[in-house]
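*Asks:* Kindly generate the corresponding structure for this input.
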Amino acid sequence: MASATPVDDEATLVAQLRAGDEAAFEQVVRAYGGRLLAVARRIVGTEEDARDVVQDAFLNAFKSLDRFEGNAKLSTWLHRIVVNAALMKLRTRKRKPEQSIETLLPSFLDDGHHEERFKSWDEPVDKLMERAENRELVRKQIDALPEGYRTVLVLRDIEGLDTEETSKVLGLSVNATKIRLHRARQALRTLLAPHFRSAAS
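*Replies:* Model (predicted):
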């Protein structure tokens with residue numbers, strides 16, 4: 001997970017927040033707002049919902065500052081609150097039937113071997129997204145995944161939650177999370193492969 005804009009003295013900032021200092025609130029929003037908006041957008045998919053999520057998350061964070069113990073960075077704590085708020089937003093949406101990704105998963109030849117439709121590459125999703133020329137393409141293909149697969153991929157491979165944390169926030173078993181993540185990665189590889197096959201040859 002990329003770090004947010006650094007704050008010089010986090011302990012002082014937290015003390016000012018707890019004291020109700022309005023300038024401290026503004027500093028937090030300026031320092032972390034853009035990064036948190038990007039996190040929310042990746043999970044909920046739309047700018048409007050992402051802005052709602054971040055607004056709710058900041059309100060929840062400021063109300064629960066007494067529960068911030070300082071064991072983690074303020075940015076990490078805010079990140080988790082935004083992730084949870086974004087997942088809550090997804091749960092309140094009218095659920096649409098989940099689209100199948102079977103056509104994006106590896107297929108097999110009659111002899112039992114994998115049918116390789118594209119040349120593969122070994123670069124992880126988060127590394128692909130570090131290059132500006134790839135970022136928009138990768139985001140677009142991630143957005144094309146059904147919600148359940150997109151969410152597990154974003155949480156695990158982009159937001160940096162480990163498998164156990166991801167399973168907890170999604171309400172899935174660790175094994176189910178691993179299976180869904182594996183299938184999401186395979187489906188994303190299929191979507192991205194035509195764009196990267198020349199680079200892999």
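*Asks:* List the buried residues in the longest helix seen in the chain.
*Replies:* The longest helix of the chain (DSSP state H) is helix 174-200. Residues of helix 174-200 classed as buried under the neighbour-count rule (16 or more other Cβ atoms under 10 Å) are 177-178, 180-181, 183-185, 187-193, 196. Quick note: C-beta positions are derived from backbone N, CA and C, even for glycine.
*Asks:* domains for this protein, by residue range?
*Replies:* What the record gives for the chain is the domain set 10-92, 102-200, from automatic domain parsing.
*Asks:* Next up, the contacts around the spatially most central residue of the chain.
*Replies:* The residue lying closest to the centre of the chain (Cα atoms, centre = their mean) is Val154, at 3.3 Å. Contacts here follow Cβ atoms under 8 Å, 6 or more residues apart in numbering; on that basis Val154 touches Arg42, Ile43, Ile142.
*Asks:* would JSON lines of those residues with secondary structure and distance to Leu170 be doable?
*Replies:* Formatted as JSON lines, the contacts of Val154 follow (DSSP: H, G, I helix; E, B strand; the rest coil; distance: Cβ to Cβ, whole Å):
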{"residue": "Arg42", "secondary structure": "helix", "distance to Leu170": "15"}
{"residue": "Ile43", "secondary structure": "helix", "distance to Leu170": "11"}
{"residue": "Ile142", "secondary structure": "helix", "distance to Leu170": "16"}
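*Asks:* With neighbour count, distance to Ser64 and pLDDT added, can I get the residues you listed in a markdown table?
*Replies:* Output for those, formatted as a markdown table (neighbours: other Cβ atoms under 10 Å; distance: Cβ to Cβ, whole Å; pLDDT from 0 to 100):
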| residue | neighbour count | distance to Ser64 | pLDDT |
| --- | --- | --- | --- |
| Arg42 | 21 | 24 | 90 |
| Ile43 | 23 | 20 | 91 |
| Ile142 | 23 | 30 | 89 |
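*Asks:* can you count the residues close to the closest residue to Ala176 other than its chain neighbours?
*Replies:* Distances taken as Cβ to Cβ, 6 or more residues apart in numbering put Ser167 closest to Ala176, at 7.3 Å, once the chain neighbours are dropped. Using other Cβ atoms under 10 Å, Ser167 has 22 other residues around it.
*Asks:* Okay, and Ser167 sits in which element?
*Replies:* Using DSSP states H and E, Ser167 maps to helix 163-170.
*Asks:* by contact count, what packs against that helix?
*Replies:* helix 74-92, helix 147-153, helix 174-200 (3 or more Cβ pairs under 8 Å, 6 or more residues apart in numbering; DSSP states H and E).
*Asks:* These: which one's closest to Asp162?
*Replies:* Asp162 lies closest, by Cβ to Cβ, to one member of the helices and strands packed on helix 163-170: helix 174-200, at 10.0 Å.
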